[in-house]
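# the amino acid sequence is not available; the structure is as follows:
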Ligand SMILES: O=C[C@H](O)COP(=O)(O)O
């Protein structure tokens, strides 16, 4: 398979950033998206408080469906409803307008002690709601220094991905923990090694579907390094944190996609 035959996705994870006033930045993303190649998908994952408003803005701007932009969420509970104070279900996020949900981000794994088993249940919850699961994996600095990167990623893939994954319902994001928000990135060769390994693992487990799943790189992606990172074999887009908060940077990253 040609390594860039998979349709690229540039996803912005706003994390715990954004107030109602941030709608102007989202509107700027929508305006810029119209100028991008129609071969690229954009996903904006604002905090849950903004999903509904952004979905309304998107619907108003995209009556003809030409903009390849969707709204996503950053986490969900494993259950559809119930006595879970403060939590939000995948069904609620779908109802608000989300089309995809990030699960297993390293910040969730670290801050909320989310295990691979929990991440797997969350991915199943995402599918139950009819949405796309973006499952994150990646090693810490210590694990990389010890030469354990591929073992760590293999374990996370095996434990976090449910059976039944398809190219339509799953995106895998490789995010080295040490590269997130630090300005440091792996070399293109290191990214190629890990993405090639993930592709091989997914293809062994999910056959042809695994060969077509989108693999995103995340960790300090910015306009100045996007073109090089997006050109790496088996990199089918990016999961962008800090740089996704500024429309011009986010759009420049998308413009760097082959
Ligand atoms: O989900 C996004 C990643 O954690 C990357 O964040 P960053 O681009 O700020 O390094």
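Right, received. Where do you want to start? The structure presented is a predicted model; accordingly, all values stated were derived computationally and were not measured.

# who in this protein is up against the ligand?
Applying C-beta under 6 Å from any ligand atom, we find that the chain lies next to the ligand at 13, 105, 175, 180-181, 218-221, 239-243. From N, CA and C alone the C-beta is placed, and that goes for glycine too.

# what do you get if the cut-off is 8 Å, keeping everything else the same?
Residues of the chain lying close to the ligand by C-beta under 8 Å from any ligand atom are 11, 13, 15, 102, 105-107, 136, 173, 175, 179-182, 218-222, 239-244.

# just the ones of those in helices?
106-107 (DSSP state H).

# drop anything exposed from the residues of the chain next to the ligand.
Buried members of the residues of the chain next to the ligand, counted by 16 or more other C-beta atoms under 10 Å: 11, 13, 15, 102, 105-107, 136, 173, 175, 179-180, 218-222, 239-244.

# quick one: secondary structure of residue 233?
The three-state label given to residue 233 by DSSP: H, G, I helix; E, B strand; the rest coil is coil.

# count the residues that sit near it.
14 (other C-beta atoms under 10 Å).

# wait, it sits on residue 193?
No. In this structure, residue 233 is not within contact of residue 193 by C-beta atoms under 8 Å, at 10.2 Å.

# quick one: the residue of the chain most remote from its centre and the ligand, what's the gap?
Checked against the mean C-alpha position of the chain, the extreme residue using C-alpha atoms, centre = their mean is residue 83, at a distance of 28.3 Å. Per C-beta to the nearest ligand atom, to the nearest Å, residue 83 is found 30 Å from the ligand.

# what sits against the residue nearest to residue 104 when sequence neighbours are not counted?
Excluding the flanking residues, the one nearest residue 104 by C-beta to C-beta, 6 or more residues apart in numbering is residue 119, at 3.6 Å. With contacts defined as C-beta atoms under 8 Å, 6 or more residues apart in numbering, residue 119 is in contact with 103-104, 109, 135, 156, 159-160.

# which of those are buried?
103-104, 109, 135, 156, 160.

# just the residues of the chain next to the ligand: which are in strands?
11, 13, 102, 136, 173, 218, 239-240 (DSSP state E).

# burial measure for residue 98, as a count.
Close neighbours of residue 98, defined as other C-beta under 10 Å, add up to 29.

# ok, the nearest residue to it once chain neighbours are set aside - contacts?
Distances taken as C-beta to C-beta, 6+ apart place residue 73 nearest to residue 98, at 4.3 Å, with adjacent residues excluded. Counting by C-beta under 8 Å, 6+ apart, residue 73 touches 45, 48, 51, 88, 90, 93, 96, 98, 100-102.

# tell me which residue of the protein lies closest to the ligand.
residue 241 (2.2 Å; C-beta to the nearest ligand atom).

# spit out the contact partners of that residue.
Residues in contact with residue 241, defined by C-beta under 8 Å, 6+ apart, are 12-13, 15, 180-181, 218.

# those residues into JSON lines, with extra columns for distance to residue 129 and pLDDT?
As requested, these are exported to JSON lines (distance: C-beta to C-beta, whole Å; pLDDT from 0 to 100):
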{"residue": "12", "distance to residue 129": "21", "pLDDT": "98"}
{"residue": "13", "distance to residue 129": "19", "pLDDT": "98"}
{"residue": "15", "distance to residue 129": "22", "pLDDT": "98"}
{"residue": "180", "distance to residue 129": "27", "pLDDT": "97"}
{"residue": "181", "distance to residue 129": "29", "pLDDT": "95"}
{"residue": "218", "distance to residue 129": "23", "pLDDT": "98"}
